[in-house]
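okay, sequence plus prediction incoming.
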Amino acid sequence: MHVAHLSLADFRCYARVEVPLDPGVTAFTGPNGQGKTNLVEAVGYLATLGSHRVAGDAPLVRQGAERAIVRGMVVRDERQTLIELELNPGRANRARINRSDNVRPRDVLGLLRTVLFAPEDLALVKGDPGERRRFLDELLTLRAPRLAGVRQDYERVLKQRNALLKSAAMARRSSGRVELSTLDVWDDHLARAGAELLAQRLDLVAALQPLVARAYEELAPGGGGTVLEYRSSMGEGVPLGGGREALHAALLAALGAARKQEIERGLTLVGPHRDELGLRLGELPAKGYASHGECWSYALALRLASYDLLRADGGEPVLILDDVFAELDARRRERLAERVATGEQVLVTAAVPEDVPEALKGTRYAVMDGEVTRL
């Protein structure tokens, strides 16, 4: 799988740009702030419908423009698919596949798969639990696009349940009487969607564990074993095996046990949205104990494990390394380059050509003042 052509209109700093892309390694080099990351950000957006840099779409639209267009020609097994996304901040985004308008943006998921590693990924190790939950859920959606619907269902039910709990908390403070006749219904809906999401996350963590350990050992030999631990908000004593029905029942029981506290706080305190992916290095948690270099290696191992997992599923993803090599020491830089050099498509950004290792020599583009020039 690779992107053969990228076209942008009013995306970030680009009024319009056309970039032909080859299989193998392509490096975009130029001073910071010239538009290198914007290019790979657009490729990632085609795959995930989101940016690795910002939460919303508004910053992606060029200043003064009303909308942005991201268009990519994706080649997989010699078949070409044209993906077009129209970003409309404040309004619904639009999508086209092979010029057809009869699609939703969500239908694009799965047509292109990417794994992107960037400086922001240090938050996977050092950041709050939401960063690690997002990592799991985005990888789940890449592997099985239907899970985007499961995630949306869960978020919708969670929003409705939180609104009911907030109303109940306010009513309790004002009158002391609380009407909760519909809360049981929302509990069942939340537990049903939550059990599906939780089951998928547990399977994913189990699949990632050996791949992360192997990738970390390759990057930092003898650096200590990595351990991924899924920690449920239901508590340590609640078993996480037994399949979806068992998880549904466990979530229902946990919601019931937490109801009094939830009403007091006006917030749902149990469910996948409160879970944590614990990362250990040896016997200690990586967060707070690992060195800066160890955190970089751990974050990179998580992305490389994702890459390996998607490759094993079939259809090799596009690997994006955004301004990564300048952050790595020479040893890790060379080991990473050797590991990924044979990828079907690898997109690299770097401030100076010297930051791109010899193993990743291939097509080069210079990026300056929003102009992209093939060298």
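That came through fine.

contacts and neighbour counts: CA atoms only from here.
Fine.

what residues of the lengthiest helix in the chain count as buried?
In terms of residue count, the longest helix belonging to the chain (DSSP state H) is helix 183-219. By neighbour count on 16 or more other CA atoms under 10 Å, the buried set for helix 183-219 is 186-202, 204-205, 208-209, 211-219.

and the strands in the stretch 151-300 of the chain?
For the stretch 151-300 of the chain, the strands defined by DSSP state E, counting those that start in this stretch cover 226-231, 276-281, 284-285.

would you format these as CSV with mean neighbour count and distance to D153 included?
Shown next, in CSV, are the strands of the stretch 151-300 of the chain (neighbours: other CA atoms under 10 Å; distance: least, CA to CA, whole Å):
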stretch, mean neighbour count, distance to D153
strand 226-231, 18, 22
strand 276-281, 19, 20
strand 284-285, 14, 32
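
indicate which one of those strands is closest to G33.
Of all these, it is strand 276-281 that lies closest to G33, at 33.0 Å by CA to CA.

now the helices for the stretch 201-350 of the chain?
For the stretch 201-350 of the chain, applying DSSP state H, counting those that start in this stretch gives helices covering 243-265, 292-313, 330-340.

how far does the longest helix of the chain sit from the chain's center?
The chain centre lies 14 Å from the centre of helix 183-219; the measure is CA atoms, centre = their mean, to the nearest Å.

pLDDT of it, averaged?
Taken as a whole, helix 183-219 has a mean pLDDT of 94.

could I get the buried residue list for stretch 328-341?
In stretch 328-341, counting by 16+ other CA under 10 Å, buried: R332, R333, E334, L336, A337, V340, A341.

so the residue lying closest to the last one once chain neighbours are set aside versus G24, what's the distance?
Put plainly, it is A341. Excluding the flanking residues, the one nearest A341 by CA to CA, 6 or more residues apart in numbering is L360, at 5.7 Å. Computed as CA to CA, to the nearest Å, the L360 to G24 distance reads 9 Å.

those two: who's more crowded?
Higher neighbour count among L360 and G24: L360, with 21 against 18, using other CA atoms under 10 Å.

please name the residues that touch Q63.
By CA atoms under 8 Å, 6 or more residues apart in numbering, the contact set of Q63 is R12.

could you verify that it is part of a strand?
No: checked against DSSP: H, G, I helix; E, B strand; the rest coil, Q63 lies outside a strand; its state is coil.

number of nearby residues for the closest residue in space to V318 that isn't next to it in sequence?
With CA to CA, 6+ apart as the criterion, V318 has its nearest non-adjacent residue at 4.6 Å, and that residue is T114. By other CA under 10 Å, the residues close to T114 number 26.

L124 now?
25.

then the one 5 residues further on?
Counted with other CA under 10 Å, the burial measure for P129 works out to 18 neighbours.
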